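1. Show me how the following folds:
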Amino acid sequence: MSSGAVAVVGATGFIGSALLRDLVARGERVRGIHRGPEGEEAIRREGGLGFRAELLDPASLRRAFEGCSLVYHAGGLNSLCPKDKGRLFDVNVRGSVNVIEAAAAVGVRRVVYTSSAATIGEAAGSLATEESPHRGWFLSTYEHSKYLAERRVMELGGELGLEVVCLNPSSVQGPGRTAGTARFLIRYAQGRLHWMVRTRVSLLAIEDCVLAHRLAAERGVPGRRHLLNGATLSIDELLELATEVTGTRHKVRYVPPPIALGGALVVEGLAKVAGRRAPLCREMVKTLLHGHAYDGSRAAAELGFSYTPAAELLRRTFDWYRAEGLLPAG
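-> Sure thing, here's the model as predicted:
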């Protein structure tokens, strides 16, 4: 348990809200950082104390962190096909710099920073570790923004004498998540995933992600990455596991890469004409075609926890989908 108050930046997001619930349940004095009345109410329902602050407003962050010994920075934007690419860099890079500088300014001891496994930038077909060399180019604006943010956050920690522990989770899934890989799982179970590309998917249970954050506050090594990943599956293996869990099988056609990229280009063009965010774009297809395989064993050993098996993760997740009315009962 922390000796002072604990702040959670991004306390209304998927990871941040789960982390806030866990910390409150353990008796921590938790400040949930939010942007408005809806966030205030959500944090209050979980037993936390809401503090209104903006990632791009350093003064508001300093006020929110005053008296805290520990800050979890799980805030930011996670988006493929964004209409405003500059917004990703503003929030993920400049916003993260503001968090680190504000924490150092008011005497916070440690920041646990939620980066992304995508920042590793491993070569296609390889098994990535914390030490994998970066390929030298980026699959998406999101990946680029998180890469730059992580580098600056880690540099600042050293410059300002602040302990910054970096966590790099793969695709975090579980109850409460309907975006990203979850969208493919839901569409498959509904019989609406008609096409896909061959890829590899790496998954992390939300419970494991939260536990790793809490352990990182106690045992994480400042200035180092901690790569978190519970399972890596081919898309065939993932959908077969979904079939076993749901008891239903649906036919999925696999599209060759050139056709998938061409289709994404068409969808991007139509969305641009309509003035809307594209539901499919080339950076999304490129990310899928590249696929990701991560080795999360070092972080699990150093922090002292075990990953949830993929089958158990999917069972919990599909149970939640049904409870939320996203899938038929039974």
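2. Just the buried residues of the host helix or strand of residue 97, please?
-> According to DSSP states H and E, residue 97 maps onto helix 95-105. For helix 95-105, the neighbour count (16 or more other C-beta atoms under 10 Å) marks 95, 96, 97, 98, 99, 100, 101, 102, 103, 104 as buried. Yep, even glycine has a C-beta here, placed from its N, CA and C like the rest.
3. Please tell me how far the nearest residue to the third one once chain neighbours are set aside sits from residue 264.
-> The spatial neighbour of residue 97 that comes closest, neighbours along the chain excluded (C-beta to C-beta, 6 or more residues apart in numbering), is residue 152 at 5.6 Å. According to C-beta to C-beta, to the nearest Å, residue 152 stands 31 Å off from residue 264.
4. Show me which of the two is the more surrounded one.
-> Counted by other C-beta atoms under 10 Å, residue 152 and residue 264 do not tie: residue 264 has more neighbours, with 21 against 15.
5. Could you look up the SS state of the more buried one?
-> helix (DSSP: H, G, I helix; E, B strand; the rest coil).
6. just to revisit the earlier point, confirm the residue nearest to residue 97 sits in a strand?
-> No - read with three-state DSSP, residue 152 is helix and lies in no strand.
7. I'd like the distance between it and residue 301.
-> Applying C-beta to C-beta, the value for residue 152 to residue 301 is 28 Å.
8. likewise residue 320?
-> Counting by C-beta to C-beta, the separation of residue 320 from residue 301 is 29 Å.
9. Give me the more crowded residue out of these two.
-> Higher neighbour count among residue 320 and residue 301: residue 320, with 17 against 10, using other C-beta under 10 Å.
10. Identify each buried residue in the least confident helix or strand in the chain by mean pLDDT, please.
-> Using mean pLDDT, DSSP states H and E, the weakest-scoring helix or strand in the chain turns out to be helix 37-45, at a mean of 89. Within helix 37-45, the residues scored as buried using 16+ other C-beta under 10 Å are 39, 40, 42, 43.
11. ok, and what's touching the very next helix or strand once past that helix?
-> Following helix 37-45 in sequence order, the next helix or strand is strand 49-52 (DSSP H and E). With contact meaning C-beta atoms under 8 Å, 6 or more residues apart in numbering, strand 49-52 is reached by 7, 11, 29-36, 39-40, 43-44, 60, 63-64.
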